[in-house]
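Enquirer: Sequence and predicted structure below; questions after.
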Amino acid sequence: MRILVINGPNLNVLGRREAEHYGVDTLETIERTLIEKGEELGCELIFFQSNHEGGIIDFIQEEAGRADGILINPGALTHYSYSLHDALVDSGLPTVEVHLSNIHARENWRQTSVIAGVTIGQITGFKAQSYSLGLEALVNHIRSQKEK
């Protein structure tokens with residue numbers, strides 16, 4: 001099983017930005033933890049981070065045909081990127097949206113996700129653990145769909 005793990009703008013500076021919201025883990029630390037979780041779950045993870053919306057969309061278009069699912073933290077793109085929304089739809093892949101902070105308990109503009117409606121679920125507010133929880137949920141979903 002192959003999972004795309006996608007991170008949007010500013011997530012490359014985790015560990016030094018707003019620890020009260022995002023925690024102290026760096027993106028590299030989160031990826032190492034996910035690799036271990038992926039090994040436990042028997043899946044290969046392909047990591048991608050970009051501060052550019054088009055780069056993320058290009059990555060999804062290029063890799064979707066060779067993947068089984070997407071785990072994504074779109075960052076600020078969550079709240080306005082209809083082109084990312086469309087790329088996720090076009091991929092045809094089950095997608096789980098994750099956020100380090102609880103976006104529903106933050107500023108009004110952060111409480112809306114234009115991505116959520118095309119995902120199988122959203123996990124928010126558990127800092128770095130959101131990724132592991134999201135990966136586990138995604139893998140379980142993919143396996144349950146294959147059993148049908």
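Expert: Perfect, I can see it now. Numbers count the residues shown, from 1 in each chain.

Enquirer: Export only the CA atoms of the host helix or strand of residue 28, formatted as PDB.
Expert: Assigned by DSSP states H and E, residue 28 belongs to helix 27-41. The C-alpha coordinates for helix 27-41 follow below in PDB (Å, rounded to 0.1, in the frame of the first residue of the first chain):
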ATOM      1  CA  LEU A  27       8.200  18.200  10.100                       C
ATOM      2  CA  GLU A  28      11.200  15.900  10.000                       C
ATOM      3  CA  THR A  29      10.300  14.500  13.400                       C
ATOM      4  CA  ILE A  30       6.700  13.900  12.400                       C
ATOM      5  CA  GLU A  31       7.900  12.200   9.200                       C
ATOM      6  CA  ARG A  32      10.200   9.800  11.200                       C
ATOM      7  CA  THR A  33       7.300   8.900  13.500                       C
ATOM      8  CA  LEU A  34       5.100   8.300  10.500                       C
ATOM      9  CA  ILE A  35       7.700   6.100   8.800                       C
ATOM     10  CA  GLU A  36       7.600   3.900  11.900                       C
ATOM     11  CA  LYS A  37       3.800   3.900  11.900                       C
ATOM     12  CA  GLY A  38       3.800   3.100   8.200                       C
ATOM     13  CA  GLU A  39       6.100   0.100   8.800                       C
ATOM     14  CA  GLU A  40       3.700  -1.200  11.500                       C
ATOM     15  CA  LEU A  41       0.800  -0.800   9.200                       C
END
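
Enquirer: Would you mark the buried spots in it?
Expert: Across helix 27-41, burial judged by 16 or more other Cβ atoms under 10 Å covers 27, 30-31, 33-34, 37-38, 41. (Glycine included, C-beta is placed from N, CA and C.)

Enquirer: Kindly report the same for stretch 130-139.
Expert: 130-132, 134-135, 137-139.

Enquirer: so residue 130 sits right up against residue 123, yeah?
Expert: Yes: between residue 130 and residue 123 a contact is recorded at 4.8 Å, counting by Cβ atoms under 8 Å.
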